[in-house]
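Student: fold the following and give me the result.
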Amino acid sequence: MPVHVTQHPTSRLSLSAQDLLHRTARALRRWGPAAHTPPVRPARSEQLRTLADVLDVAVAAQRQADQVVAACGEPQPVSGAVAKACGEQVVVYHRLRGMVRALPADGDVAEARERAARLLSYHQWMLHQSLVFACTTNPHSRVEAARLSLNGLGAPADALRELRDQVRTAADAAPD
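Tutor: Now for the predicted structure:
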């Protein structure tokens, strides 16, 4: 039985035409916009402003997050509305942490970004743990004691607000 061999479309071109195509392709890769253009990093002032803007949103979300964590620590059973709000706040802080980690930052801005990411991770973790404690169907006495001691986000919330204020002050003072 004969085997049919299909030719590549460029095989019909003369050798010089194939050479021309290969040379053109190499030149386009070499001279293309992405070939030699390093990614443009925003200026320090822009990095600070962007980080401060995200931290403003995080601090604004703290009020509801703090209330939800405190509600999870109440002696009575947690309502479905509180559980839903807590889950929504977990998502909010997860997204904010992702936004902060994705920000380009250099030097001291990178240090502030990493501190912000750690504080946002704490907020997310605290909300998640509050929800787990509050929705446990067969709580151990130590878990129940831990749940009843919940009264808000605590000192890390203060640290996030202080960091936001420091970043905002540095962004306002930075030259454009």
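
Student: drop to CA atoms for contacts and neighbour counts, all remaining ones
Tutor: Noted.

Student: look up the closest residue to Gln89, ignoring the ones flanking it.
Tutor: The shortest distance from Gln89 to any non-neighbouring residue, by Cα to Cα, 6 or more residues apart in numbering, is to Ala65 (6.1 Å).

Student: by contact count, what packs against the strand or helix carrying that neighbour?
Tutor: Assigned by DSSP states H and E, Ala65 belongs to helix 44-72. Under the contact criterion of 3 or more Cα pairs under 8 Å, 6 or more residues apart in numbering; DSSP states H and E, helix 44-72 touches helix 80-102, helix 107-134, helix 155-173.

Student: in the longest one, what counts as buried?
Tutor: When you say that, I think you mean helix 107-134. In terms of neighbour count (16 or more other Cα atoms under 10 Å), helix 107-134 has its buried residues at 109-110, 112-124, 126-131, 133-134.

Student: can you give me the pLDDT of Gln166?
Tutor: Looking at Gln166, its pLDDT stands at 96.

Student: scratch that, Ser16 is what I was asking about
Tutor: For Ser16, pLDDT reads 54.

Student: cool, Asp19 as well?
Tutor: 63.

Student: among the helices and strands packed on helix 44-72, which is nearest Asp53?
Tutor: For the helices and strands packed on helix 44-72, proximity to Asp53 was assessed by Cα to Cα; helix 155-173 is nearest, at 8.2 Å.

Student: so Gln47 sits against Val109, correct?
Tutor: Yes. Gln47 is within contact range of Val109, at 7.0 Å (criterion: Cα atoms under 8 Å).

Student: what is the burial count for the residue nearest to Gln89?
Tutor: Neighbour count of Ala65, defined by other Cα atoms under 10 Å: 28.

Student: OK, contacts around it?
Tutor: Shown in contact with Ala65 (Cα atoms under 8 Å, 6 or more residues apart in numbering): Cys86, Gln89, Leu127, Gly152, Leu153.

Student: buried residues, stretch 131-149. List them.
Tutor: For stretch 131-149, burial by neighbour count (16+ other Cα under 10 Å) applies to Leu131, Phe133, Ala134, Cys135, Glu144, Arg147, Leu148.

Student: from those, pick the one nearest Val57.
Tutor: Leu131 (22.1 Å).

Student: how many other residues sit next to Val82?
Tutor: Neighbour tally, Val82, other Cα under 10 Å: 17.

Student: pLDDT score for it?
Tutor: 92.

Student: so what's it up against?
Tutor: The contact partners of Val82, by Cα under 8 Å, 6+ apart, come to Val68, Ala71, Cys72.

Student: redo that, cut-off 10 Å
Tutor: By Cα atoms under 10 Å, 6 or more residues apart in numbering, the contact set of Val82 is Gln67, Val68, Val69, Ala71, Cys72, Glu88, Leu131, Ala134.
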